[in-house]
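Asks: Just need the structure, nothing else, for what follows:
(one chain, ligands or ions: 2)
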Amino acid sequence: MSHAFIAHGADQLDSLLKLHEALRAAGVPAQYSDGERRADIDAAMIDAASLMIVLVSYDSMRSSDVRSQIIRAKRNGMTIIPVRADRARLSGFIKEFAKDIVHSVEALPPLVDAAQKVYRQVSPVVAVMNLKGGIGKTTIASQLAATYQASVQNRVLLIDFDPQYNLTQLFFPGQQADEAIAADRSVISLFEKSRAHQADLTSPADQWATLSTTPFTPAPRAKIAHSLLGDTPTTGRLDIVFGQFEISKYAFSTDTSGLEAVRASFLRSIEYYRSQYDLIVLDTNPNATFLTRCALQATDRVLAPMHTDIYSLRGVRLLNRVINDQTTQDRRPELSVLFNAVERREQSDFEADTRNGVFNEQVGFDLSSKLMSAAIPKSRHFRIKGKEDDAPIKRLLAHHGRGGGLRQVRDSMLTASVELATLLGKQSSAS
Ligand SMILES: Nc1ncnc2c1ncn2[C@@H]1O[C@H](COP(=O)(O)OP(=O)(O)OP(=O)(O)O)[C@@H](O)[C@H]1O
Ligand SMILES: [Mg+2]
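Replies: Ligands and ions are numbered 1, 2, ... in the order given. From the prediction side, this is the model:
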């Protein structure tokens, strides 16, 4: 679980509850010491937290518990946000660290925004997207997620957001996917209340023409995600939310207010699952639809695979436009472009020209500055066939596979995932 930990004195219960509720409404789960608990339990909560918020008050400034909680958070390198909870004059150990205090419990929205920003940075969402088909979105989403999981941070969730659900079919036998989808243990449960939330409901997948706008609490992770890798503190977890054809119903719906509710539920679901993972990767569909808008609004970064050819320039040009059209400036995802299927022996003229900015004008934005340094080579290793009864993990190059040239392919994925980690503002254990 990652969450905001609220450090507080004994005298600010009202502020504490108000803050807790405001954070929850913004999709940031929060925990705090209940005062009765043992220090080791508080310590464990702090270690698992994404950030700490300190209610600065007469009591908290004198509390040895708060003091040791702050010391622990500092040692963990966590972001700490001080918030004024009363008019007490700053003193003691808090004086030094809270001297630039800007937030107050009297004005929660700016504080909640600041906390949400840190929380999102700790558990970011990346959407692998290009409005051009067959360019390697599914390949990059899955292989990069697995490499990131193995080398950077170990709790990663893949979401199959394409109604064609190639990603799901690539890793799981058809029957297993069908059974899970029939029980709504799949992507539709991020959008609508389903049997993953309440067993006796009719599945929203069976109601093509209507949208369920009933609000719901996101289902626990185990009810919706499927494991690609064992789930232990040391191996970590690489999970996948299965895709399904039925989410294409949103592209056909004319129920504007219903779609609005479904979109809001989806964004809430993603905020909730952030707390369970270090990274969420969406594999998206190649057409601009309602789903594209949802993905763009949920994501912190768009990762666009691109081939080294002239047609791909049109794809990124359009993608950049769609990003600008479908998002507002305050919540616009960053764009990174990753060359895929490049010739291995030497850099092509096209790649060199793109890196040198030759096509910036043609695409209408600063493409050369959005290009990742890494490039993924063309390799037969990406054409994963896999036998039906193979464990899903066998299709991930970071974990398995043999044969000539595999090392170079793995290295390119490793370089790309370390670069992605840096772009996301992360420290990488592999760097
Ligand atoms: N670097 C690569 N080297 C060789 N083959 C690749 C590479 N990347 C992808 N491929 C192959 O290209 C084909 C298309 O890839 P993929 O399905 O990932 O594209 P996509 O963008 O997700 O397609 P769609 O738009 O249909 O969702 C697949 O057969 C895949 O194995
Ligand atoms: Mg695909």
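
Asks: make it CA atoms for all contacts and neighbour counts henceforth
Replies: Fine.

Asks: residue contacts, the residue nearest the centre of the chain?
Replies: For the chain, the residue sitting closest to the mean C-alpha position, by CA atoms, centre = their mean, is residue 125 at 2.3 Å. Contact partners of residue 125, counting by CA atoms under 8 Å, 6 or more residues apart in numbering, are 274, 279, 280, 281, 282, 298, 299, 300, 301.

Asks: any idea how far residue 221 is from residue 273?
Replies: As judged by CA to CA, to the nearest Å, residue 273 and residue 221 stand 7 Å apart.

Asks: So for the two, which residue has more residues nearby?
Replies: Legend: neighbour count by other CA atoms under 10 Å for residue 273 and residue 221, higher for residue 273 (22 against 14).

Asks: Phi, psi for residue 266 please.
Replies: Here is the backbone geometry of residue 266 (degrees, to the nearest 10): phi -60, psi -50.

Asks: Can you tell me, leaving aside adjacent residues, what's nearest to it?
Replies: Leaving aside its sequence neighbours, residue 266 sits nearest to residue 191 (CA to CA, 6 or more residues apart in numbering; 4.6 Å).

Asks: follow-up on the earlier one: let me know the closest of the contacts of residue 125 to ligand 1.
Replies: Closest approach to ligand 1 among these (CA to the nearest ligand atom): residue 282, at 11.2 Å.

Asks: for the helix or strand of the chain with the lowest mean pLDDT, packing partners?
Replies: When each helix and strand of the chain is scored by mean pLDDT, DSSP states H and E, helix 92-97 comes last, with a mean of 81. Counting by 3 or more CA pairs under 8 Å, 6 or more residues apart in numbering; DSSP states H and E, the packing neighbours recorded for helix 92-97 are helix 58-61.

Asks: hmm, who's touching the helix it packs on?
Replies: By CA under 8 Å, 6+ apart, the surrounding residues in contact with helix 58-61 are 8-11, 66-67, 86-94.

Asks: ok, of the residues you listed, which come out buried?
Replies: 8, 9, 66, 67, 86, 90, 94 (16 or more other CA atoms under 10 Å).

Asks: Of the residues you listed, which pair is most distant in space?
Replies: The span of the buried ones among the contacts of helix 58-61, defined through CA to CA, is set by 67 and 86 at 17.8 Å.

Asks: show me where the protein has strands.
Replies: Under the criterion DSSP state E, the chain carries strands at the ranges 4-7, 30-32, 51-56, 79-84, 103-104, 125-128, 155-160, 226-227, 237-241, 279-283, 301-306, 334-342, 371-377.

Asks: Now render those strands as JSON lines, adding mean pLDDT.
Replies: Listed next are those as JSON lines, based on pLDDT from 0 to 100:
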{"stretch": "strand 4-7", "mean pLDDT": "94"}
{"stretch": "strand 30-32", "mean pLDDT": "92"}
{"stretch": "strand 51-56", "mean pLDDT": "95"}
{"stretch": "strand 79-84", "mean pLDDT": "94"}
{"stretch": "strand 103-104", "mean pLDDT": "92"}
{"stretch": "strand 125-128", "mean pLDDT": "98"}
{"stretch": "strand 155-160", "mean pLDDT": "96"}
{"stretch": "strand 226-227", "mean pLDDT": "92"}
{"stretch": "strand 237-241", "mean pLDDT": "94"}
{"stretch": "strand 279-283", "mean pLDDT": "97"}
{"stretch": "strand 301-306", "mean pLDDT": "98"}
{"stretch": "strand 334-342", "mean pLDDT": "97"}
{"stretch": "strand 371-377", "mean pLDDT": "96"}
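
Asks: Format those strands as a markdown table; extra columns: distance to residue 139.
Replies: Shown next, in a markdown table, are the strands of the chain (distance: least, CA to CA, whole Å):
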| stretch | distance to residue 139 |
| --- | --- |
| strand 4-7 | 34 |
| strand 30-32 | 35 |
| strand 51-56 | 33 |
| strand 79-84 | 34 |
| strand 103-104 | 44 |
| strand 125-128 | 10 |
| strand 155-160 | 12 |
| strand 226-227 | 18 |
| strand 237-241 | 14 |
| strand 279-283 | 9 |
| strand 301-306 | 10 |
| strand 334-342 | 10 |
| strand 371-377 | 11 |
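
Asks: Quick one: closest of the ones you listed to residue 418.
Replies: Closest among these, using CA to CA: strand 371-377, at 9.5 Å.

Asks: Look up how far ligand 1 lies from the closest residue to residue 300 other than its chain neighbours.
Replies: Spatial nearest neighbour of residue 300, chain neighbours left out: residue 333 (4.6 Å); criterion: CA to CA, 6+ apart. Using CA to the nearest ligand atom, to the nearest Å, residue 333 is found at 20 Å from ligand 1.

Asks: Kindly list the main-chain dihedrals of residue 333?
Replies: phi -70, psi 150.

Asks: Verify the contact between it and residue 302 for me.
Replies: Yes - with contact defined as CA atoms under 8 Å, residue 333 counts as touching residue 302 (6.3 Å).

Asks: Find residues that contact each of the two.
Replies: The contact lists of residue 333 and residue 302 share residue 296, where a contact means CA under 8 Å, 6+ apart.

Asks: who has more neighbours, the two?
Replies: Counted by other CA under 10 Å, residue 333 and residue 302 do not tie: residue 302 has more neighbours, with 25 against 22.

Asks: can I assume residue 26 is in contact with residue 112?
Replies: Yes - judged on CA under 8 Å, residue 26 makes contact with residue 112 at a distance of 7.3 Å.

Asks: which ones are touching the residue nearest to residue 300?
Replies: Applying CA under 8 Å, 6+ apart, the residues near residue 333 are 296, 297, 299, 300, 301, 302, 323.

Asks: For residue 395, see how far away it is.
Replies: Counting by CA to CA, the gap from residue 333 to residue 395 is 30 Å.

Asks: Could you identify the most distant pair in the contacts of helix 58-61?
Replies: Using CA to CA, these span at most 19.2 Å, a distance reached by 67 and 87.

Asks: sorry, back to before: how far out from the middle of the chain is the least confident helix or strand of the chain?
Replies: 35 Å (CA atoms, centre = their mean, to the nearest Å).

Asks: residue ranges with poor pLDDT in the stretch 201-350 of the chain?
Replies: Applying pLDDT under 70 to the stretch 201-350 of the chain flags residues 233.

Asks: separation between the residue in it that ligand 1 sits nearest to and residue 375?
Replies: Of the residues in the stretch 201-350 of the chain, the one nearest ligand 1 is residue 341, at a distance of 3.7 Å by CA to the nearest ligand atom. Distance, residue 341 to residue 375, using CA to CA: 8 Å.
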